[in-house]
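Engineer: Coordinates for the following, if possible.
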Amino acid sequence: MLRRRYLALLIVAGFCVAGLYAQQQFTLMATIVDPEKNAAPDTLTPADVRVTEDDVTAKILKVDAITRAVKVQLLLDNGIGMGQNLSQFRNGVRSLIEALPKDVETALLTTAPQARFVVKPTKNRDELLKGVDRLAPDSGAGRFTESLLEAAERANKEKDTFTVIIAAGTTSGDGDVREETTKQLFQQITGKPILIDVLMYQGETSGTGGGTQVEVGTLVTRVTGGRYEFINSMSRYATLMPEFGPDVAKQVAGSSKQFRITAQRPEGKSGKLGKLGLAAGAKLVTSVRLE
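Structural biologist: Reported below is the predicted structural model:
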């Protein structure tokens, strides 16, 4: 938790919003946790938080509690890396869906040869389980990075939503992923209400790009505070999938509540926003972004 707080503060403290000219008021959206309860505080007042611009204290105008709906996107590599393990693969995905909290909207997508919906966002678990039966192997390679980018873009179009992306990938693919795609991905997830968990499988079929997928998978989980697992056994890959279900339940219990903080820039500040910082006393700031 402390590590996630540190990362979140780095993101905010490093905000030098180049070329962005702000008005005298600005708004931050933050996830703040009471460490004693391991949950968001019931209330938060302007006196409870401190916002700074270039280390100068800004005036807090108001703090509004925002309850975010938690949604899930499952990204499944059904490409050449899966090999002949369709039965185990389906069993793992089925167990993951059954382990998710009820009434959480979930989308099911495959990533080979490109990201495609198997089941569009729904709360109907029966529909999701029927979608598992339609999972089929593809002769192409999974598009791990591109699929994550598209998932993050979808998430950022949602209002008042916290999105958990669970990417079950393999090391067979992403041989020609563009640097611009990776750059765009991190722009979409940094400081956003998104958590990414990655389960990476040592693909059955050798292919280029495995190093890229491992590197991207490691970094996206680190930036968003998610979980990364690298597995070289399909049986373990399948049995590990449902373990990500309780992680979603934690988000439903904790990160779904955020605070919108409206602040007045310090006296004398104008033009480009400087470096912003956010603190909440003894409470932990686990994510924050400029709205």
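
Engineer: mind listing the helices for the stretch 1-150 of the chain?
Structural biologist: With DSSP state H, counting those that start in this stretch as the criterion, the stretch 1-150 of the chain has helices at 2-13, 86-99, 125-133, 144-156.

Engineer: Need the residue closest to the centroid of the chain.
Structural biologist: Geometric centre of the chain, nearest residue: Leu195, 2.4 Å, by Cα atoms, centre = their mean.

Engineer: so who does that residue touch?
Structural biologist: The contact partners of Leu195, taken as Cβ atoms under 8 Å, 6 or more residues apart in numbering, are 162-165, 224-226, 251, 255. To be clear about C-beta, it is placed using only N, CA and C from the backbone, and glycine gets the same treatment.

Engineer: Let's see that with 10 Å instead.
Structural biologist: 4, 70, 162-166, 189, 220-221, 223-227, 247-248, 250-251, 255, 287 (Cβ atoms under 10 Å, 6 or more residues apart in numbering).

Engineer: Now go through those residues and say which are in strands.
Structural biologist: 70, 162-166, 287 (DSSP state E).

Engineer: hang on, the earlier thing: dump the helices of the stretch 1-150 of the chain into CSV; add distance to Gly281 and mean pLDDT as well.
Structural biologist: Supplementary listing: the helices of the stretch 1-150 of the chain in CSV, determined by distance: least, Cβ to Cβ, whole Å; pLDDT from 0 to 100:
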stretch, distance to Gly281, mean pLDDT
helix 2-13, 13, 36
helix 86-99, 36, 95
helix 125-133, 41, 97
helix 144-156, 30, 97
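
Engineer: Turn the ones you listed into CSV, including distance to Asp77.
Structural biologist: Formatted as CSV, these follow (distance: least, Cβ to Cβ, whole Å):
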stretch, distance to Asp77
helix 2-13, 27
helix 86-99, 9
helix 125-133, 15
helix 144-156, 7
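
Engineer: if you compare those, which one is most tucked away?
Structural biologist: With neighbours defined as mean count of other Cβ atoms under 10 Å, those peak in mean count at helix 144-156, which reaches a mean of 23.

Engineer: re earlier: for the helices of the stretch 1-150 of the chain, which one sits closest to Pro242?
Structural biologist: With Cβ to Cβ as the criterion, Pro242 lies closest to helix 86-99 of these, at 4.0 Å.

Engineer: could you say what helices and strands the closest one packs with?
Structural biologist: Judged by 3 or more Cβ pairs under 10 Å, 6 or more residues apart in numbering; DSSP states H and E, the packing partners of helix 86-99 are strand 69-76, strand 105-110, helix 125-133, strand 161-170, strand 194-201, helix 234-240, helix 245-253.

Engineer: at 7 Å instead, please
Structural biologist: Applying 3 or more Cβ pairs under 7 Å, 6 or more residues apart in numbering; DSSP states H and E, one finds that helix 86-99 contacts helix 125-133, helix 234-240, helix 245-253.

Engineer: what's it in contact with?
Structural biologist: Residues from elsewhere that reach helix 86-99, judged by Cβ atoms under 7 Å, 6 or more residues apart in numbering: 76, 82, 125, 128-129, 132, 135, 137, 234-235, 237-239, 241-242, 244-246.

Engineer: Return the members of the contacts of Leu195 classed as buried.
Structural biologist: Among those, the ones that count as buried by 16 or more other Cβ atoms under 10 Å are 4, 70, 162-166, 189, 220-221, 223-226, 247-248, 251, 255, 287.

Engineer: residues contacting Val49?
Structural biologist: Contact analysis of Val49 by Cβ under 7 Å, 6+ apart lists 60, 63, 261, 278, 280.

Engineer: Could you check the pLDDT of it?
Structural biologist: You'll see Val49 listed with a pLDDT of 96.

Engineer: The one 4 residues further on too?
Structural biologist: Per-residue confidence for Glu53 comes out at a pLDDT of 93.

Engineer: Next one: the nearest residue to Lys120 once chain neighbours are set aside from Gly268, what distance?
Structural biologist: Take Lys120 and drop its neighbours on the chain: the residue closest to it by Cβ to Cβ, 6 or more residues apart in numbering is Ala107, 6.1 Å away. To Gly268, Ala107 is 47 Å away according to Cβ to Cβ, to the nearest Å.

Engineer: Which one's more surrounded, the two?
Structural biologist: Ala107 (21 against 6; other Cβ atoms under 10 Å).

Engineer: looking at the helices and strands packed on helix 86-99, which is closest to Leu148?
Structural biologist: Nearest to Leu148 among the helices and strands packed on helix 86-99 is helix 245-253; the distance by Cβ to Cβ comes to 17.1 Å.
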